[in-house]
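Novice: got a sequence here, can you build the structure:
(2 chains)
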Amino acid sequence: MKINSIHFRFLHCATITILFLVYILFVNNAYAQNSGGVLVVWESSPVQKISVIEIRRIYLGLPSSKESLIKKPVINSSDLAVYKIFLKNIMHMTEKGYQRKIVKRIFRQGGEKVKEVKNLSELINHLKLNINDISFMDPETAKTTKGIKVVQVLW
Amino acid sequence: MCRKIKCCLAIITLFIQTSLALADTSLSGYASIIAGRVIDGDEFLADYPKTGVYDNDWSFSPDTSFGIQLKTDINDDLDLIIQLISNGASGYDIELDWAYISYQFNTEFSIQAGRKRLPLYYYSDFFDVGYAYYWIRPPADNYTWQISNYNGLSLLYQPELAEWDVLLNLYVGREDSEDNELLSMLMSASVDETWKNMVGFVAELSQDWIELRATYMQGELDRTVNGIITEQNVKQNFSGISANFYFYNFIILSEFNKYDRDESDIHVDTQMLSFGYSINNFTPHITHSSFIQEENLAGGDENHETHSVGLRWDFNKTTALKIQYDKVTDKGINIPVLGDSKAISFGMDLVF
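Specialist: A predicted model of the protein is given here:
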């Protein structure tokens, strides 16, 4: 009887652990994959679709090509989950690694800080006043935000 | 010194006037406010190039520094960059660390003309930007050189190679240092030093978790001690490699350099190995660095090593608080630097 009880508890714990791992590996990851991200500009912006490599370079503080018509990148940290996926999927680095690169770029090569906005209305205002600047957000927010144009799907 | 300050002020005024007349100017800056003292021994040479020395009294001077960088876009392809720095070790005089124009040929290739930092070591370019590394200062045994800047030309090529960031830099230039701070202190005499016909190359390859760097420089040296020429057109060369790794929370930083001046029979090896571990916003670290000069016929045997233990706390995204303990062992018999010492230092680094 006692052995059966221990056996049952073990099975119970194992089942919970497996379900948790499945959630972490698939469900959580699927959410991250499905949540999506898009490159956005103000609706009257002339900016066209560019390569992901160029987006990465621009966010590293490197110059953009003249054909892209992009002036400056803006980090949208109003949605931290999207920002983290942007760093992972587009920049291929962690937030600490990104900060490290940017600080070095500024003081070694005369680079500029990449502007960061922490709320959506500030981002919208900025893009409205700087139509050649780019940023990123999740597709649902882009769809429901007036004045915002999606240039391309990032992930 | 007064002439230097006047010159800097004239440049600042000119730059501000130019900046106001032009549209796009950005301002960045950094500050390190550090206090420290020797707790065992007499003196600790924390900053060789600027001769920042701690003694038995608490002092803010050796490692405290402030810097401001102004960048003006003259047009789409041409930028003007100036970086002014004030160090406690140099009596808080304002010095022009960087002043150059940069022309962008395309997205990957640019040329710079003017005054820049001499990129010998991994941290040479941003030695004073304490926020960019976890120590109070880069390991002093490695950063022992008397010349930190050059005036000349620099070509920069920054392509992408799959997911690797690449930086290739070729530079030429010279630097004249009147009454050089480090040499004048070590020789107890007025020393003028010129590094000329410098040609150097830096190659960097990096990803999020790894940074690799190789560097080489060759040139000639002139030296005058108390007005008497002691070295002229003496060839010298410097080479070095660095490899940094960031595995999850583990950080490994390393640097190995070699300096040769054959005519003077001077051969120096410097090295550094450091381990850190990130726990949220805290990074404890431990480091060993050394400077070993092969003993020569003139008796040159400079030889010292430092063991350091420290902690960095990223207080917020732009500010870090640090504390560090350093133990220096000075093994030089004919050329001791400042003897054995143990020192403690702490402070704050920030960028804006």
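
Novice: strands along the stretch 51-200 of chain B, start to end?
Specialist: Using DSSP state E, counting those that start in this stretch, the strands found in the stretch 51-200 of chain B span residues B:52-54, B:65-73, B:78-87, B:94-104, B:109-117, B:149-157, B:160-161, B:164-177, B:191-206.

Novice: typed the wrong thing, it's the stretch 251-352 of chain B
Specialist: Under DSSP E, counting those that start in this stretch, the stretch 251-352 of chain B gives strands at B:266-277, B:282-293, B:303-316, B:319-330, B:341-351.

Novice: pipe those into a markdown table and attach distance to chain A, mean neighbour count and mean pLDDT per row.
Specialist: Any C-beta I mention is one placed from the backbone N, CA and C, and that applies to glycine too. A markdown table is the format used below for the strands of the stretch 251-352 of chain B (distance: least, Cβ to the nearest Cβ, whole Å; neighbours: other Cβ atoms under 10 Å in any protein chain shown; pLDDT from 0 to 100):
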| stretch | distance to chain A | mean neighbour count | mean pLDDT |
| --- | --- | --- | --- |
| strand B:266-277 | 12 | 18 | 96 |
| strand B:282-293 | 10 | 19 | 96 |
| strand B:303-316 | 8 | 18 | 96 |
| strand B:319-330 | 11 | 20 | 97 |
| strand B:341-351 | 6 | 21 | 97 |
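
Novice: make a markdown table out of these and add distance to B:G130.
Specialist: Output for the strands of the stretch 251-352 of chain B, formatted as a markdown table (distance: least, Cβ to Cβ, whole Å):
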| stretch | distance to B:G130 |
| --- | --- |
| strand B:266-277 | 15 |
| strand B:282-293 | 13 |
| strand B:303-316 | 10 |
| strand B:319-330 | 8 |
| strand B:341-351 | 4 |
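
Novice: okay, and the beta partners of B:V351?
Specialist: Note on B:V351: beta-bridge partners by DSSP bridges are B:Y30.

Novice: chain B contacts on chain A?
Specialist: Proximity of chain A to chain B is confined to A:53-54, A:56-57, A:60, A:62-66, A:91-94, A:96-97, A:99-101, A:103-104, A:106-113 under the rule Cβ under 8 Å from any Cβ of the partner chain.

Novice: where does chain A have its least confident helix or strand?
Specialist: Ranked by mean pLDDT, DSSP states H and E, the weakest helix or strand in chain A is helix A:29-35, scoring a mean of 51.

Novice: and after that helix, which helix or strand comes next?
Specialist: Next helix or strand after helix A:29-35 toward the C-terminus (DSSP states H and E): strand A:38-42.

Novice: for the next helix or strand after that following strand, packing partners?
Specialist: Downstream of strand A:38-42, the first helix or strand assigned by DSSP H and E is helix A:52-59. Applying 3 or more Cβ pairs under 8 Å, 6 or more residues apart in numbering or on different chains; DSSP states H and E, one finds that helix A:52-59 contacts strand B:160-161.

Novice: please repeat the previous calculation with a cut-off of 10 Å.
Specialist: Under the contact definition 3 or more Cβ pairs under 10 Å, 6 or more residues apart in numbering or on different chains; DSSP states H and E, helix A:52-59 sits against helix A:95-109, strand A:148-153, strand B:160-161.

Novice: and the following helix or strand past the first one, average pLDDT?
Specialist: Spelled out, it's helix A:95-109. With elements assigned by DSSP H and E, the helix or strand that comes after helix A:95-109 is strand A:115-117. In this model, strand A:115-117 has a mean pLDDT of 95.

Novice: starting from strand A:115-117, tell me which strands it pairs with and how they run.
Specialist: Strand A:115-117 pairs in its sheet with strand A:74-76 (parallel), by DSSP bridges.

Novice: quick one: average pLDDT of the partner strand?
Specialist: On average, the pLDDT along strand A:74-76 is 97.

Novice: now do that strand: everything it contacts.
Specialist: For strand A:74-76, the surrounding residues in contact (Cβ atoms under 10 Å, 6 or more residues apart in numbering or on different chains) are A:37, A:40, A:59, A:82-83, A:86-87, A:98, A:102, A:113-120, A:122-123, A:126-127, A:130, A:133-138, A:141.

Novice: buried ones in it, by neighbour count?
Specialist: Within strand A:74-76, the residues that count as buried by 16 or more other Cβ atoms under 10 Å in any protein chain shown are A:74-76.

Novice: sketch out the low-pLDDT regions of the chain for me.
Specialist: No chain in the question, so chain A it is. Filtered on pLDDT under 70, chain A yields the residue ranges A:1-34.

Novice: I was thinking of chain B, sorry if that wasn't clear
Specialist: For chain B (pLDDT under 70), the answer is B:1-23.

Novice: kindly recompute the last result at 80.
Specialist: The model of chain B has pLDDT under 80 over residues B:1-23, B:163, B:334-336.

Novice: which strand in it has the most residues?
Specialist: Longest strand of chain B, by residue count under DSSP state E: strand B:228-247.

Novice: just the buried residues from the contacts of strand A:74-76, in PyMOL please.
Specialist: Only the buried members of these end up in this PyMOL selection, burial being decided by 16+ other Cβ under 10 Å:
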select buried, chain A and resi 37+40+59+82+83+86+87+98+102+113+114+117+123+126+127+130+133+134+135+136+137+138+141
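
Novice: still on that earlier bit, most tightly surrounded among the strands of the stretch 51-200 of chain B?
Specialist: The highest mean neighbour count among the strands of the stretch 51-200 of chain B, using mean count of other Cβ atoms under 10 Å in any protein chain shown, belongs to strand B:52-54: a mean of 25.

Novice: report the distance from that strand to the chain centre.
Specialist: Taking Cα atoms, centre = their mean, to the nearest Å, the mean C-alpha location of strand B:52-54 is offset from the chain mean by 16 Å.

Novice: same question, stretch B:311-320
Specialist: Averaging C-alpha positions (Cα atoms, centre = their mean) puts stretch B:311-320 21 Å from its chain's average.

Novice: stretch B:194-212 now?
Specialist: The answer for stretch B:194-212 is 13 Å, by Cα atoms, centre = their mean.

Novice: my guess is B:Y103 contacts B:D73, does it?
Specialist: No - taking Cβ atoms under 10 Å as the definition, B:Y103 is not a contact partner of B:D73, at 11.8 Å.

Novice: where do the contact lists of the two overlap?
Specialist: With Cβ under 10 Å, 6+ apart, B:Y103 and B:D73 have common neighbours B:D79.

Novice: contacts only, for the residue in the stretch 201-350 of chain B positioned nearest to chain A.
Specialist: Nearest to chain A, among the residues of the stretch 201-350 of chain B, is B:D208, at 3.5 Å (Cβ to the nearest Cβ). Residues in contact with B:D208, defined by Cβ under 10 Å, 6+ apart, are A:87-88, A:91-94, A:96-98, A:100-101, B:163, B:165, B:246.

Novice: what comes up buried for the longest strand of chain B?
Specialist: For strand B:228-247, burial by neighbour count (16+ other Cβ under 10 Å) applies to B:231, B:234, B:236, B:238-242, B:244, B:246.

Novice: partner strands of it, parallel or antiparallel?
Specialist: Strand pairing for strand B:228-247, using DSSP bridges, gives strand B:210-225 (antiparallel), strand B:250-261 (antiparallel).
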